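Colleague: dropping the sequence and predicted coords here.
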Amino acid sequence: MAKKIAEPTQTPRERAILVGVDLIGDPGLLPLEDSLAELALLADTAEVEVLGEVTQRLDKPNPDTFIGSGKVEEIKMLVEETQADLVIFDTELSPRHQRELEERFGEQVRVIDRTALILDIFARHASTREGILQVELAYYEYRLPRLTRVWTHLARQTGGGGGRTGSTGGVGLRGPGETQLEVDRREIRRRIARLKEELEKVRAHRQRYREQRRRSNIPIVALVGYTNAGKSTLLNSLARAEVYVADQLFATLDPTTRRVELPAGHTVLFTDTVGFIQKLPTQLIAAFRATLEEITEADLLVHVLDVTHPNAWEQWKAVQQTLLDIGCENIPTITALNKVDRISDTEAIRKALGQFTSSVAISAKTGEGLPNLLREVENILFENFAPVTVYIPYREGQLIAQFHEFGKVEESQPFGEYIKIKGSLPGRLLNAYRPYLKRPTPAKSEV
Ligand SMILES: Nc1nc2c(ncn2[C@@H]2O[C@H](COP(=O)(O)OP(=O)(O)OP(=O)(O)O)[C@@H](O)[C@H]2O)c(=O)[nH]1
Ligand SMILES: [Mg+2]
């Protein structure tokens with residue numbers, strides 16, 4: 001089904017047709033229409049005007065064009081009719097599909113997928129050095145397999161003029177395009193390597209900073225959740241911070257950390273960071289490692305969920321899946337059902353709360369429920385003790401002393417080069433001991 005949904009406006013925004021595909025036997029997390037609606041929001045955030053939508057149900061992708069040839073024609077006609085500049089697929093396209101489709105739609109039309117659109121938004125919203133480096137890395141990783149013989153933008157930047165385009169019909173019969181392609185690829189690989197090096201430095205810096213905070217014994221609470229759930233609004237309310245808030249996808253890219261005082265007087269750090277989305281491109285997860293470590297190394301997660309969203313539960317699932325992917329399954333989590341100021345049905349909220357071991361209903365906007373949230377944070381981090389058995393190397397004297405000071409020790413005995421301590425620890429300290437949960441194999445050298 002193809003439909004034209006808007007007349008082009010006068011402003012020079014790029015104009016796009018969206019394409020959604022339902023692969024039979026491989027249903028996405030969201031129904032096709034909802035996923036397309038989300039794609040339209042992404043387009044809007046990227047300042048792209050949506051002029052039409054096309055959908056198709058497919059048994060399996062066409063090896064050349066992904067969608068069927070009839071559909072290709074249908075889109076081509078719609079593109080001509082609306083004078084669109086872009087065709088945006090909701091599914092990730094292989095480089096080959098992308099190339100074939102561009103050939104069929106004609107020179108003026110660019111074909112991109114959801115990943116490219118998200119990368120574009122990230123590039124717009126990156127403001128710190130770390131953010132910019134990470135977006136650049138994700139971009140080049142995405143570009144590399146997609147380089148074609150076409151004289152690309154990057155090639156123009158780095159090609160350095162005639163000499164490097166190669167000679168026509170030279171030795172080995174390599175065409176000029178092909179030589180240029182190799183130069184481009186090498187150049188991108190070189191940039192990727194350099195970006196990775198620089199990002200390693202950023203990571204090391206963040207790591208040192210976190211260790212400092214850990215030594216000062218201030219636990220870290222990370223706000224996680226689907227994009228637009230209200231994480232930044234919540235940080236602003238809790239800490240009178242001034243993080244940019246917008247009814248936009250991926251408004252936040254770079255982490256912000258603020259100190260917050262809890263009801264019984266303990267202090268914690270809250271970190272607001274990038275949101276998640278369904279079909280989150282893997283390049284982005286990999287490239288954003290430095291930023292995501294703010295989440296994976298937190299002592300507690302507050303999963304902010306927009307309960308008023310029609311796809312709230314799918315969004316919850318997408319976030320849980322991403323948390324699992326980045327290795328957060330062992331971090332205690334409070335689910336904060338947000339935006340309850342918009343809901344009058346208290347029974348529905350009560351039911352929703354019952355689905356989680358630890359949950360609170362809040363409105364980040366009006367402040368309703370925030371004292372409950374802070375009490376729950378304090379409870380988990382400072383009052384609940386979790387049973388653990390750890391094997392700590394003797395050189396980690398500070399960790400051993402800390403266990404005795406703040407934890408409850410039931411049993412403590414030497415274990416090779418380690419000391420085995422069985423007992424319990426308050427939630428805020430669990431993370432520091434996580435590397436020592438596994439029973440080490442005894443060293444042979446001691447014989
Ligand atoms: N009614 C209502 N709106 C809220 C509430 N919390 C946030 N919002 C709105 O939801 C939108 C998104 O809020 P943000 O705080 O930017 O969301 P975020 O989770 O930081 O989003 P990203 O940074 O894009 O991932 C904004 O328009 C907020 O005003 C709430 O409790 N009630
Ligand atoms: Mg935000």
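Modeller: Cool, the structure landed. Ligands and ions are numbered 1, 2, ... in the order given.

Colleague: quick one, helices of the stretch 151-300 of the chain?
Modeller: Using DSSP state H, counting those that start in this stretch, the helices of the stretch 151-300 of the chain run over 153-158, 176-215, 231-239, 282-287, 289-296.

Colleague: now the longest one: buried residues?
Modeller: I take that to be helix 176-215. By neighbour count on 16 or more other Cβ atoms under 10 Å, the buried set for helix 176-215 is 176, 179-181, 183-184, 187-188, 191-192, 195, 199, 202, 206, 210, 214. In this view, the C-beta of every residue, glycine as well, is placed from N, C-alpha and C.

Colleague: can you check stretch 80-90 too?
Modeller: Residues of stretch 80-90 classed as buried by neighbour count (16+ other Cβ under 10 Å): 82, 84-90.

Colleague: re earlier: turn the helices of the stretch 151-300 of the chain into TSV, columns for mean pLDDT.
Modeller: Compiled in TSV, the helices of the stretch 151-300 of the chain are given as follows (pLDDT from 0 to 100):
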stretch	mean pLDDT
helix 153-158	38
helix 176-215	84
helix 231-239	96
helix 282-287	84
helix 289-296	89
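
Colleague: looking at those helices, spot the one closest to residue 422.
Modeller: helix 176-215 (22.7 Å; Cβ to Cβ).

Colleague: show me how far the closest one is from its chain's centre.
Modeller: On the basis of Cα atoms, centre = their mean, to the nearest Å, helix 176-215 is displaced by 18 Å from the centre of the chain it belongs to.

Colleague: helices and strands around it, which ones?
Modeller: Judged by 3 or more Cβ pairs under 8 Å, 6 or more residues apart in numbering; DSSP states H and E, the packing partners of helix 176-215 are helix 129-143, helix 153-158, helix 289-296.

Colleague: now for the ones you listed, which one comes closest to residue 59?
Modeller: Nearest of these (Cβ to Cβ): helix 129-143, 27.8 Å.

Colleague: what's the closest one in contact with?
Modeller: Under the criterion Cβ atoms under 8 Å, 6 or more residues apart in numbering, residues 115-116, 119, 122-123, 125-126, 154, 188, 191-192, 195-196, 198-199, 202, 253-254, 281, 283-284, 286-288, 290-291 lie in contact with helix 129-143.

Colleague: same deal with stretch 393-411?
Modeller: 215, 385, 390, 392, 417-426, 429, 432-433, 436.

Colleague: which of those fall within strands?
Modeller: Using DSSP state E, the subset of the contacts of stretch 393-411 located in strands is 385, 390, 392, 418-426.

Colleague: contact residues of the protein facing ligand 1?
Modeller: Within the chain, the residues that sit near ligand 1 (Cβ under 6 Å from any ligand atom) are 225, 227-233, 245-252, 275, 338-339, 341-342, 363-365.

Colleague: what sits against residue 194?
Modeller: For residue 194, counting by Cβ under 8 Å, 6+ apart, there are no contacting residues.

Colleague: got the domain boundaries for this structure?
Modeller: The chain breaks down by automatic domain parsing into domains covering 2-121, 126-202, 218-383, 385-446.

Colleague: give me the pLDDT value at the residue in the stretch 51-200 of the chain positioned nearest to ligand 2.
Modeller: In the stretch 51-200 of the chain, no residue comes nearer to ligand 2 than residue 125, which is 9.6 Å away by Cβ to the ion. Predicted confidence (pLDDT) at residue 125: the value is 88.

Colleague: that one against residue 250, yeah?
Modeller: Yes: here residue 125 reaches residue 250: they are 5.8 Å apart, a contact under Cβ atoms under 8 Å.

Colleague: with distance to residue 396 added, can I get the helices and strands packed on helix 176-215 in JSON lines?
Modeller: Shown next, in JSON lines, are the helices and strands packed on helix 176-215 (distance: least, Cβ to Cβ, whole Å):
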{"stretch": "helix 129-143", "distance to residue 396": "29"}
{"stretch": "helix 153-158", "distance to residue 396": "47"}
{"stretch": "helix 289-296", "distance to residue 396": "21"}
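
Colleague: redo those as TSV? Include distance to ligand 2 and mean neighbour count.
Modeller: As requested, the helices and strands packed on helix 176-215 are exported to TSV (distance: least, Cβ to the ion, whole Å; neighbours: other Cβ atoms under 10 Å):
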stretch	distance to ligand 2	mean neighbour count
helix 129-143	13	21
helix 153-158	30	13
helix 289-296	13	20
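
Colleague: so which of these comes closest to residue 69?
Modeller: With Cβ to Cβ as the measure, helix 129-143 is the member of the helices and strands packed on helix 176-215 nearest residue 69 (26.9 Å).

Colleague: pull that closest one out as CSV, backbone CA atoms only.
Modeller: Taking C-alpha atoms only, helix 129-143 is exported to CSV below (Å, rounded to 0.1, in the frame of the first residue of the first chain):
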residue,chain,number,x,y,z
ARG,A,129,34.5,15.6,22.1
GLU,A,130,33.6,12.1,23.2
GLY,A,131,30.2,12.3,21.6
ILE,A,132,31.6,13.6,18.3
LEU,A,133,34.4,10.9,18.2
GLN,A,134,31.9,8.1,18.9
VAL,A,135,29.5,9.3,16.2
GLU,A,136,32.3,9.6,13.7
LEU,A,137,33.5,6.1,14.5
ALA,A,138,30.0,4.7,14.1
TYR,A,139,29.6,6.6,10.8
TYR,A,140,32.8,5.2,9.3
GLU,A,141,32.0,1.7,10.4
TYR,A,142,28.7,2.1,8.7
ARG,A,143,30.2,3.7,5.5
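
Colleague: so for that helix, mean pLDDT?
Modeller: 90.

Colleague: ok, stretch 68-87 next?
Modeller: Stretch 68-87 comes out with an average pLDDT of 94.

Colleague: and the protein, which residues reach ligand 2?
Modeller: Counting by Cβ under 5 Å from the ion, the residues of the chain lying close to ligand 2 are 232, 251-252.

Colleague: among those residues, the buried ones, what's the PyMOL command?
Modeller: Burial among the residues of the chain next to ligand 2 is assessed by 16+ other Cβ under 10 Å; the matching PyMOL selection reads:
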select buried, resi 232+251+252
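
Colleague: out of the helices and strands in the chain, which is least certain?
Modeller: helix 153-158 (a mean of 38; mean pLDDT, DSSP states H and E).

Colleague: wait, residue 370 sits on residue 237?
Modeller: Yes: using Cβ under 8 Å, residue 370 is in contact with residue 237, at 6.3 Å.

Colleague: give the residues shared as contacts by the two.
Modeller: Common neighbours of residue 370 and residue 237, counting by Cβ under 8 Å, 6+ apart, are residue 364.

Colleague: max pairwise distance over the buried residues of helix 176-215: which two?
Modeller: The distance between the two most remote of the buried residues of helix 176-215 (Cβ to Cβ) is 56.2 Å, for 176 and 214.
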